[in-house]
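J.: Quick check, what structure comes out for this input:
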Amino acid sequence: MKTRKILALLTLCLVCSFQTYAYDFTVSGIYYNYISGTDQVEVTYVNQNHNHNSYAYSLDIVIPGTVTYSGKVYTVNSIGNSAFYNCSALTSVTISANITSIGSFAFKDCRSLTFLVIPNSVTSIGESAFQGCTKLTSITLPSGITSLEADLFSGCTALTSISIPANITTIGNAVFHSCNSLTSITIPSAVTVMGNSVFEGCSSLTSVTLSSNLANIGNSVFGGCTSLSSIVLPGKVAAIGEYAFAGCSALSSVSIPNSVLTIGNHAFFNCRSLTSISIPAGVTSIGSSAFWGSPAVLLLR
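T.: Numbers count the residues shown, from 1 in each chain. The predicted structure is shown next:
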């Protein structure tokens, strides 16, 4: 019986050990994992319970292009998923030109991060990579990425400006959700798909230039953008989604192109400044309460 208890205790200790540490080695305060079958490594987190990573990285971090461990030189290829997740004392990060990818949740909830340099070598950035970075005021994205993944900058409440690279074709759901310091944005013409809730809650947004090749306006895309007073929808838009402009209380001017066929439920719900709107003759469906709370006079053309 005593032997069984000892074995059980040893097994528990081993399990806890495997669950606790997530890195293969550390050099100069940065944690790395081997990339199997290569001479490359990725930056990783310390503890699989990310709530315990608050002070794993702090202040200023420089991620090198190469690292030497046990006499061998490794190329630092990537920043792994959740690598800096919840590192609330991290203030700045400089990334070497060897890095090609930044994983999902990589800098999520880095609430003190104010400065970040991303090299053009980076060609992919995962979802929620910068979500909740509440002190990040601006960022320059690398020219080689082709999509902005879901929730990428969601909750970045201090973000005032961002330049979207010309190669971007897809903007995922809620990319700029609740970025309530963002005042203006231009969506490049290569973008054909823009997800739901992309700018929802961006209460300071006053100026938006949309891609001329955008096919649809998704659900809640501009919901709660209370400073947005006017917008021109591109000539290829076929559908305006549910709650697309709901709560845009300053919106007084909307240009709807002839390409639009459907207007979703609550699309212009509670747009109190919208006094008139011209509906194309080709519109086949206007959803429930699409203009509820709006004094708009619907003009068919």
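J.: where in this protein is pLDDT low?
T.: For the chain, applying pLDDT under 70 flags the ranges 1-21, 48-54, 297-301.
J.: helix or strand right after the top strand by length along it?
T.: Using DSSP state E, we find that the single longest strand of the chain is strand 72-79. Toward the C-terminus, strand 72-79 is succeeded by strand 90-95 as the next helix or strand (DSSP states H and E).
J.: Is it correct that residue 217 is in contact with residue 238?
T.: No. Taking contacts as C-beta atoms under 8 Å, residue 217 lies outside contact range of residue 238: 9.4 Å. C-betas here are computed from N, CA, C, even on glycine.
J.: For the two, indicate the residue with more neighbours.
T.: Ranked by neighbour count (other C-beta atoms under 10 Å), residue 217 and residue 238 place residue 217 first, with 26 against 14.
J.: and that one, backbone torsions?
T.: phi -100, psi 110 (degrees, to the nearest 10).
J.: check contacts around it.
T.: 194, 233, 237, 239-241, 244 (C-beta atoms under 8 Å, 6 or more residues apart in numbering).
J.: nearest residue to residue 177 other than its sequence neighbours?
T.: Nearest residue to residue 177, sequence neighbours excluded (C-beta to C-beta, 6 or more residues apart in numbering): residue 154, at 4.2 Å.
J.: ok now do the one you found, which residues does it touch?
T.: Taking C-beta under 8 Å, 6+ apart as the test, what residue 154 contacts is 128, 131-132, 174-179.
J.: now, among these, which is nearest to residue 256?
T.: Nearest to residue 256 among the contacts of residue 154: residue 176, at 22.9 Å, using C-beta to C-beta.
J.: Look at the nearest residue to residue 59 once chain neighbours are set aside and say how many residues are nearby.
T.: Leaving aside its chain neighbours, residue 59 sits nearest to residue 91 (5.4 Å; criterion: C-beta to C-beta, 6+ apart). Neighbours of residue 91 under the rule other C-beta under 10 Å: 16.
J.: now do residue 181
T.: Counted with other C-beta under 10 Å, residue 181 comes out at 16.
J.: Just to check, it is in contact with residue 206?
T.: No. In this structure residue 181 lies outside contact range of residue 206 using C-beta under 8 Å: 11.8 Å.
J.: quick one on the thing from earlier: got a markdown table for the contacts of residue 217, with distance to residue 201 too?
T.: Output for the contacts of residue 217, formatted as a markdown table (distance: C-beta to C-beta, whole Å):
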| residue | distance to residue 201 |
| --- | --- |
| 194 | 16 |
| 233 | 20 |
| 237 | 22 |
| 239 | 22 |
| 240 | 19 |
| 241 | 16 |
| 244 | 14 |
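J.: Highest neighbour count among those residues?
T.: residue 244 (28 neighbours).
J.: from what I can see it touches residue 216, true?
T.: No. Taking contacts as C-beta under 8 Å, residue 244 lies outside contact range of residue 216: 9.5 Å.
J.: how deep is residue 193 tucked in, by neighbour count?
T.: 15.
J.: what's the closest residue to residue 241 other than its chain neighbours in contact with, if anything?
T.: Closest residue to residue 241 apart from its sequence neighbours, by C-beta to C-beta, 6+ apart: residue 219 at 3.9 Å. The contact partners of residue 219, by C-beta under 8 Å, 6+ apart, come to 196-197, 241-244, 264.
J.: Now with 10 Å, please.
T.: Residue 219 is in contact with 173, 195-197, 200, 240-244, 246, 264-267, counting by C-beta atoms under 10 Å, 6 or more residues apart in numbering.
J.: residues contacting the residue nearest the centre of the chain?
T.: Closest to where the C-alpha atoms of the chain average out (C-alpha atoms, centre = their mean) is residue 152, at 1.2 Å. The neighbours of residue 152, taking C-beta under 10 Å, 6+ apart as the test, are 104, 125-131, 141, 171-177.
J.: Can you tell me which of those residues is closest to residue 190?
T.: residue 171 (10.6 Å).
J.: those strands in the stretch 151-300 of the chain, which residues are they?
T.: 161-163, 170-171, 184-186, 193-194, 207-209, 216-217, 230-232, 239-240, 253-255, 262-263, 276-279, 285-286, 297-300 (DSSP state E, counting those that start in this stretch).
J.: In TSV, list these along with distance to residue 69.
T.: Below are these laid out as TSV (distance: least, C-beta to C-beta, whole Å):
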stretch	distance to residue 69
strand 161-163	36
strand 170-171	38
strand 184-186	43
strand 193-194	42
strand 207-209	48
strand 216-217	49
strand 230-232	53
strand 239-240	54
strand 253-255	58
strand 262-263	58
strand 276-279	64
strand 285-286	62
strand 297-300	68
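J.: tell me the most buried of those?
T.: Of all those, strand 216-217 has the most neighbours on average by mean count of other C-beta atoms under 10 Å, namely a mean of 23.
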